[in-house]
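# model the structure of this input:
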Amino acid sequence: MADDNQQPIIVKRIKKGGGAAHGGAWKIAYADFVTAMMAFFLLMWLLGSTTSGDLKGIADYFNTPLKVALSGGSGSGDSSSIIQGGGEDLTRSYGQKNRSDEDQRKIINLRAVQADRAAVEKREREMLTGLKERIEAMINNNANLRQFKNQLLLDITTEGLRIQVVDDQNRPMFDSASAEMKPYARDILLAIGHALNDVENRISLSGHTDATSFAGGKLDYNNWDLSTDRANASRRVLIAGGMQADKVMRLVGLASAVPYDLTDPFNPVNRRISIIVMNKRTEAAILRDGVYEEDAGQEAAAAPVDP
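You can find the predicted model right below:
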């Protein structure tokens, strides 16, 4: 009877499943990760191998694509071309190639011209430096001229070799308010005149006064007239010394407009004759425009450079 009242023992068995469906998901995620990393490293490689000009062009395209389309070229920042664009018809692929080849030839020709010009200027600079040294040696070897050494200033400027004969407080080049040259100043210019024939370069002559007003008694005559007359008197003496007459390319009177001593416009050193043996660049500027590439008003500011 007791056996009939016992509850039956029921054993439930739970069958686990679904592993097959879950087990492949990680492979898809890993594949996506590998693809993303490969794309990232490919992007880094492209950025590292692209020029800065191309990078700027790409950036400009995404910022203002219409601007790049209108201006042409592979990008507005294209560093491989001076002139942007690909020909008259931008839809033709061969237009860009033809323009690029033309630009490359222009660049090569420009570099060749610049190299030739630099070589010519170097030789000319050496020639003018040699002339400067010869004139200095001539002065040192001539007892008559050596005593006036402090009144002769020679330097190389951007215009060429500049030779300045300046007044001294007790030894002026000209009579007061006159274009009549003192004998010692005449001797200096006679000696320099022949030396200038050693080079083919042409010269510029300018006369200068100090800021003292002209006191010669002439109503229509002032320091501008006086400085011009003194420059012309110097030209005649240089020619008498043996300089070829056609070497003079420019003669100007600057009065006191370009003082040598900027702090004291009345300093006697401001009264001077300036002779510039011009380099070819300055000569070309005068022939092309009729004026100096560096205006005469900047003569005093022409910084001397080391030989």
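# secondary structure element for Leu251?
Following DSSP states H and E, one finds Leu251 within strand 248-253.
# give me the below-cutoff pLDDT ranges for the stretch 201-307 of the chain.
Counting by pLDDT under 70, the stretch 201-307 of the chain has low-confidence residues at 216-217, 289-307.
# could you rerun that using 80?
Where the stretch 201-307 of the chain drops to pLDDT under 80, the residues are 214-219, 288-307.
# residues contacting Asp264?
Contact analysis of Asp264 by C-beta atoms under 8 Å, 6 or more residues apart in numbering lists Asn270. All C-beta atoms are positioned from the backbone trio N, CA, C, and that covers glycine.
# that one: what secondary structure?
Following DSSP: H, G, I helix; E, B strand; the rest coil, Asp264 is assigned to coil.
# now the residue nearest the centre of the chain: how far from Phe148?
Nearest to the geometric centre of the chain sits Thr158, at 11.3 Å (C-alpha atoms, centre = their mean). Distance, Thr158 to Phe148, by C-beta to C-beta, to the nearest Å: 27 Å.
# same question for Gly207.
18 Å.
# Val252 reaches Asp229, doesn't it?
No: counting by C-beta atoms under 8 Å, Val252 does not reach Asp229; the two are 11.9 Å apart.
# what sits in contact with each of the two?
By C-beta under 8 Å, 6+ apart, the residues touching both Val252 and Asp229 are Gly207.
# where exactly do the helices run in this structure?
For the chain, the helices defined by DSSP state H cover 2-5, 19-22, 25-49, 52-63, 65-71, 93-141, 143-146, 183-195, 223-240, 280-289.
# give me every residue that touches the residue nearest to Asn232 when sequence neighbours are not counted.
What sits nearest to Asn232 in space, not counting adjacent residues and going by C-beta to C-beta, 6 or more residues apart in numbering, is Leu251, at 6.2 Å. Neighbour list for Leu251: Ser204, Leu205, Ser206, Thr228, Ala231, Asn232, Arg235 [criterion: C-beta under 8 Å, 6+ apart].
# out of the helices of the chain, deepest packed?
Counting by mean count of other C-beta atoms under 10 Å, helix 223-240 has the highest mean neighbour count of the helices of the chain, with a mean of 20.
# starting at the chain centroid, how far to it?
34 Å (C-alpha atoms, centre = their mean, to the nearest Å).
# does anything pack onto it? Which helices or strands?
Under the contact criterion of 3 or more C-beta pairs under 8 Å, 6 or more residues apart in numbering; DSSP states H and E, helix 223-240 touches helix 183-195, strand 203-208, strand 248-253, strand 272-278.
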